[in-house]
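Enquirer: any chance you could fold what I've pasted below:
(3 chains)
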Amino acid sequence: MKAKKVLALLLSLVMVLTLAACGGTAQETAAPAADAGTTADAPEAKELSGEITFWHCFTQGARMEAIEAAAASFMEANPGVTINIETMSWGDFNTKWNAGLTTGDLPDISVAQNTGEVAEMINTGVLADISGVIDSIGRDRFSENALGDMTTDGVTYGIPYYSHAQVMWYREDLLEEAGLEVPTTWDEFYDAAVALTKDGVYGAGFSCSPNDLLCTRYLNYYVRSAGGSLLNDDLTANLTSDIALEGIEFWVNVYKNCSPAETINYTVNDHATLYYQGTTAFDFNSGFMISGVASNREDLLEYISCAPLPLYKEGDSYYSAEATHIPLVMWENSEHKDVCEAFIEYLYQDDNYLYFLSAVPVGMLPSITGISDQEAYLSNETVQQFSEEAAVIEKAVAEGRAIGFEHGPSVQAGLLTSQGVVEEMFQDILINGTDIPTAAQAAEDQLNEIFETMVG
Amino acid sequence: MKKLKKIGPSTVFSYVFLTVLAIVCVFPLLWLLVSAFKSSNEMLANPTAFLPKDWTWENFKTVLFTLKFTVNIKNSVIVALWTTVIATFISCLAAYGIIRFFPKLGNIMTRILITTYMFPSIMLVIPYAVVMKTLGLTNTRVGLVLVYMSFSVPYAVWMLVGFFKTVPIGIEEAARIDGANRLMVFTKIVLPLVRPGIVSTAIYVFINAWNEFLYALLLVSSSDKTTLSVAVKTLEGADILNWGSMMAASAIVVLPSIFFFCLIQNKLAGGLADGAVK
Amino acid sequence: MKQPDRLSGRTYRTRRIDVTRWIFVAPAMAVVICLLIYPLCSTVLYSFTNKTMIKDTFKIVGLKNYIDILKDESFYKAFGNTLKWTVGSVLGQVLVGFTGAICLNQVKNAWAKSTFRILCIIPWAFPAIATAMVWKWILNGIYGFLPTMLVDLGITEQMLQFFSDKNLVMPTLMGINIWFGAPLIMVNVYAALQTIPQDQYEAAQIDGASKFQSFRHITVPHIRTVVGLLIVLRTVWVFNNFDIIYMITGGGPAGASTTMPIFIYDTGWTGRLVGKASAASIMLLIFLVILTVLYFKVINHWEKEDR
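Expert: Next up, the predicted model:
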């Protein structure tokens, strides 16, 4: 225990020192930024000052440029402000903020991978109230679901930056060649995928790397299509319901009969590459697929298209299994929340926001209303070419929520996807031949144990 | 050896073995280089083909200028060079000190040093991050260099102890009688004698610092300070992969080290062995 | 600084030497103490607590973490995998590196010699991320160069699944690690071979010793200390290696390539159980210390024989 005390002492010393160092900077009250959003120029009346750090994961060239351009023009308009932009990959982002909890190396503003991660961040108490920004942009311009998912006790901690949702992608040319219709139910999908598995093409990949969430995602599609859930109402895991077991069996068959064996250990990126290069005929993904294919196999771009996720049984009503809102969050430890708020708001100004969205057209859909009907948005070539696909995804965004959020936002939902338990279960079944009910029961127990340790 | 048969079966075997070994060693590099000159489209459409149909510099341009890898290269060079210089210097002092002044304790000292090697870096990184925070060195290249000492110094001392064993004490004692003090003896007489050993140790340290990933990821977050390995990893974890850029970026990480090797390989061969054998 | 040396008496001089000799070793010792003691202490401390990554507070739980680990089946699996991984990789590296060095010694043509040496050292320059990417492409089970070639040549009927077959994944990873590590062994063993005085071989030949005999009685005793020290370093390095496996397979499929460092990462980072991960690292450390002590026993024995 002594070591802990010494450590605490050292840390507090460091904190005092840092505070003293930063004490000199003027701390003005948060800018009531109502007018900031209305003009294209940043407000010059208020003297914002301070240095803030922004962690983001928009590693792809165009998005990074959009963020950097916005930061540069914001700094120009507010000479007292410095914005440090720090880029990292999504996987590393999680590692970094987790480490930051111990080391104190945390940003002022950051992205989050999804609303589930925000729930986790709220649970650790590191986020600041971001309602002010939302109100000045206009609370009614955001999706109620999205804001609700990041609200606890009436306080909203995340602001959706862009949105996308999971749909079924297919190759028009391959379906046509085989004389097949676009499948609308899981059975049709399975038959079509099996039929297309030949001559070096596979129907669909089923990827199970425990370092990613693909199995959870796919199983969730199936379970949600029948109106089920991977969580119970009391937020315990449920992998042993009839529908869950049926779903596991369904995907096991997909793996065995229409997926390359290699995908057993594939991550999201390995998996998506298969569709980019034309190895798989079907895939489940968001509108990011378009940019992926465009930057790797432009010649296939004209053949790809998407449809809503297959239904459980014919005649069932429409459902959306998973919508993702990529949020921005503000960190509690920030010393310049006024600057953070002003900058976040600045990012949502029409020009900046449109420029950012155009980096991955259709992949990143606007999270606020009043954007997608603007001339500047609609004139984008990709938006025009994929307008039907965009409509399919927009509908799925509107109706869907994050995995496990059908019971409201919860840490459990986040842990369901982040711990790789479902993925390990599938690997166990496929590699070791464990029978499905046994493996499902074991995975369910393991998840519940994790929930207890982390939440309790 | 000249008296042996001119081309015996053992010589034939040697050539065959080394040729096979060389092919296996070189193939991945060749593959990487050739792929970096393919467009993403060609690489994915025709993954088993070896040579590109159209050679293109596009990937290298993207990586170096659009993705600003030049900045990362600069950072890696700074961090790796400083690590090499400081670690080699400290280790030379220590290795000489151990051999010269601690003949009995020396063995134990070097063996304690090697325990630093026995801790998985994934467990060290958090405590290191706390130490860096306390020292106010988080997110600085200085902090990174300091942490790199943790794996460079033990190994370097270990290797250098071997080399210093070869320094004949006689010369040194003669110098002392002439009135040179210990540090001068060390810098003027001992160091030149073991220069090949120091060079080979420095190479080893350089390569390890150049290739290090985990500490660089977690201890430095500013984009303008990240090193090459981390930048490549970031590229790999992007939402939208671009395989052409990935290949070019990997080639850029590998080539400087190989260039270094070629430059110094003759001295490297003098290596660990000369000393430790004695 | 020179004058006091001359003028002072014997006692002063002895004292001064005492100080200087510490000056030489102090920086290295400081590095080791600063960078090792704190992490070691904090890890030992955490190993007795229920600390998680995401909470500040924790309490002492005694030996619970250690008991949990000893009850955990996946720990034994990871430990077994680590042993396989270490023994396989180090043996392979030594075998290939050693053979390579001896062959290189046979090559008389100077040009050929330096060409081989440069080409064979190339893998050493690959950082883990590049190693992982290149081999994942070459050995890919769908479109990889090597599996495709094997099928085309009629050697295998189907594409070999280097990374997804649970029986093949460990040997594949070891192969990659041998590719990566053998050059270092080769270069150093080759250097050691150079130091053997040629007259000893000539004398042995005159005495009518066979090639094998002179190898056994001259070569082996001469270089075994170097090789021994290298093996110690490589063993520890390979045992603790995290990034090669992590970046290629992440420990899969179904834990078939999960080694101790991966296990610790999964527990501490993904699972956020810092306490349990700390306990596992301490156990790993203890095992390695024991192992190296044994190694040193052998090396000490050799050193004594050599004298």
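Enquirer: got the CA positions of the helix or strand harbouring A:Glu120 in PDB?
Expert: Assigned by DSSP states H and E, A:Glu120 belongs to helix A:115-124. Provided in PDB are the C-alpha atoms of helix A:115-124 (Å, rounded to 0.1, in the frame of the first residue of the first chain):
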ATOM      1  CA  THR A 115     -22.200   4.900 -29.000                       C
ATOM      2  CA  GLY A 116     -21.200   1.700 -27.100                       C
ATOM      3  CA  GLU A 117     -17.800   3.100 -26.500                       C
ATOM      4  CA  VAL A 118     -19.400   6.300 -25.200                       C
ATOM      5  CA  ALA A 119     -21.400   4.300 -22.700                       C
ATOM      6  CA  GLU A 120     -18.100   2.800 -21.500                       C
ATOM      7  CA  MET A 121     -16.500   6.200 -21.300                       C
ATOM      8  CA  ILE A 122     -19.500   7.500 -19.300                       C
ATOM      9  CA  ASN A 123     -19.200   4.500 -17.000                       C
ATOM     10  CA  THR A 124     -15.600   5.500 -16.200                       C
END
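Enquirer: so it, near chain B or not?
Expert: No: legend: contact between helix A:115-124 and chain B by CB under 8 Å from any CB of the partner chain is lacking; minimum distance shown is 15.3 Å. For the C-beta atoms, the positions are set from N, CA and C on the backbone; glycine is no exception.
Enquirer: ok, that helix near chain C or not?
Expert: Yes: for helix A:115-124, a contact with chain C is found by CB under 8 Å from any CB, at A:Glu120, A:Asn123, A:Thr124.
Enquirer: before we move on, what about stretch A:148-157?
Expert: No: using CB under 8 Å from any CB, stretch A:148-157 stays clear of chain C, with a minimum separation of 15.6 Å.
Enquirer: which positions in that stretch come out as buried?
Expert: Residues of stretch A:148-157 classed as buried: A:Asp149, A:Met150, A:Thr151, A:Thr156, A:Tyr157 (neighbour count, 16 or more other CB atoms under 10 Å in any protein chain shown).
Enquirer: the fourth one and A:Met150 touch, don't they?
Expert: Yes: under the criterion of CB atoms under 8 Å, A:Thr156 makes contact with A:Met150 at 5.7 Å.
Enquirer: quick one on the thing from earlier: which of the buried residues of stretch A:148-157 lies closest to chain C?
Expert: A:Tyr157 (15.6 Å; CB to the nearest CB).
Enquirer: contact partners for that closest one?
Expert: Counting by CB atoms under 8 Å, 6 or more residues apart in numbering or on different chains, A:Tyr157 makes contact with A:Val118, A:Met121, A:Ile122, A:Leu127, A:Ala128, A:Asp129, A:Ile130, A:Met150, A:Thr151, A:Val329.
Enquirer: these in strands, which ones?
Expert: Per DSSP state E, strands hold the following members of the contacts of A:Tyr157: A:Thr151, A:Val329.
Enquirer: just the buried members of the contacts of A:Tyr157?
Expert: For the contacts of A:Tyr157, buried by 16+ other CB under 10 Å: A:Val118, A:Met121, A:Ile122, A:Leu127, A:Ala128, A:Ile130, A:Met150, A:Thr151, A:Val329.
Enquirer: show the average pLDDT along the helix or strand where C:Lys276 lies.
Expert: Applying DSSP H and E as the criterion places C:Lys276 in helix C:274-306. What helix C:274-306 shows for mean pLDDT is 87.
Enquirer: do the same with stretch A:365-375
Expert: Stretch A:365-375 comes out at a mean pLDDT of 91.
Enquirer: and if you look at stretch A:239-251?
Expert: The model assigns stretch A:239-251 a mean pLDDT of 96.
Enquirer: what are the buried residues along it?
Expert: Buried, per 16+ other CB under 10 Å, within stretch A:239-251: A:Leu239, A:Ser241, A:Ile243, A:Ala244, A:Leu245, A:Glu246, A:Gly247, A:Ile248, A:Phe250, A:Trp251.
Enquirer: now, the most widely separated pair of these?
Expert: Farthest-apart pair in those is A:Ser241 and A:Trp251; separation 15.2 Å (CB to CB).
Enquirer: in a helix, C:Ile118, correct?
Expert: Yes: with DSSP: H, G, I helix; E, B strand; the rest coil as the criterion, C:Ile118 is assigned to a helix.
Enquirer: show me where pLDDT drops low in the stretch 101-250 of chain B?
Expert: B:166-180 (pLDDT under 70).
Enquirer: do a quick rundown of the helices in it.
Expert: B:106-115, B:121-135, B:141-164, B:169-177, B:182-184, B:191-193, B:195-211, B:214-219, B:228-236, B:243-268 (DSSP state H, counting those that start in this stretch).
Enquirer: in JSON lines: those helices, plus distance to chain C and mean neighbour count.
Expert: Converted to JSON lines, these look like this (distance: least, CB to the nearest CB, whole Å; neighbours: other CB atoms under 10 Å in any protein chain shown):
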{"stretch": "helix B:106-115", "distance to chain C": "6", "mean neighbour count": "17"}
{"stretch": "helix B:121-135", "distance to chain C": "4", "mean neighbour count": "22"}
{"stretch": "helix B:141-164", "distance to chain C": "4", "mean neighbour count": "24"}
{"stretch": "helix B:169-177", "distance to chain C": "10", "mean neighbour count": "12"}
{"stretch": "helix B:182-184", "distance to chain C": "5", "mean neighbour count": "17"}
{"stretch": "helix B:191-193", "distance to chain C": "13", "mean neighbour count": "13"}
{"stretch": "helix B:195-211", "distance to chain C": "4", "mean neighbour count": "22"}
{"stretch": "helix B:214-219", "distance to chain C": "7", "mean neighbour count": "24"}
{"stretch": "helix B:228-236", "distance to chain C": "5", "mean neighbour count": "25"}
{"stretch": "helix B:243-268", "distance to chain C": "3", "mean neighbour count": "21"}
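Enquirer: turn those into CSV, columns for distance to C:Phe263.
Expert: Output for these, formatted as CSV (distance: least, CB to CB, whole Å):
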stretch, distance to C:Phe263
helix B:106-115, 21
helix B:121-135, 10
helix B:141-164, 21
helix B:169-177, 49
helix B:182-184, 48
helix B:191-193, 44
helix B:195-211, 23
helix B:214-219, 16
helix B:228-236, 22
helix B:243-268, 28
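Enquirer: returning to that earlier point: so which of the buried residues of stretch A:148-157 is the closest to C:Ile264?
Expert: Nearest to C:Ile264 among these, with distances taken as CB to CB, is A:Tyr157, at 31.7 Å.
Enquirer: grab the nearest non-local neighbour of the closest one.
Expert: Spatially, and ignoring its direct neighbours in sequence, A:Tyr157 is nearest to A:Leu127 (4.3 Å; CB to CB, 6 or more residues apart in numbering or on different chains).
Enquirer: out of the residues of helix A:115-124 next to chain C, who's the most crowded?
Expert: For the residues of helix A:115-124 next to chain C, the largest neighbour count, defined by other CB atoms under 10 Å in any protein chain shown, is 23 neighbours, found at A:Glu120.
Enquirer: in this structure that one contacts A:Val411, no?
Expert: Yes: at 5.7 Å, A:Glu120 counts as touching A:Val411 under the criterion of CB under 8 Å.
Enquirer: tell me the residues on the stretch 1-150 of chain B that lie near chain A, please.
Expert: Counting by CB under 8 Å from any CB, the residues of the stretch 1-150 of chain B near chain A are B:40-41, B:44-45, B:47, B:62, B:66-67, B:125-126, B:129-130, B:132-134, B:136, B:138-139.
Enquirer: C:Gly228 and C:Lys297 touch, don't they?
Expert: No: using CB under 8 Å, C:Gly228 makes no contact with C:Lys297, being 10.8 Å away.
Enquirer: these two: who's more crowded?
Expert: Legend: neighbour count by other CB under 10 Å for C:Gly228 and C:Lys297, higher for C:Gly228 (18 against 9).
Enquirer: any low-confidence regions in chain C?
Expert: C:1-18, C:306-307.
Enquirer: taking it, what residue is nearest to chain B?
Expert: C:Phe24 (2.7 Å).
Enquirer: element containing that residue?
Expert: Counting by DSSP H and E, C:Phe24 is found in helix C:10-32.
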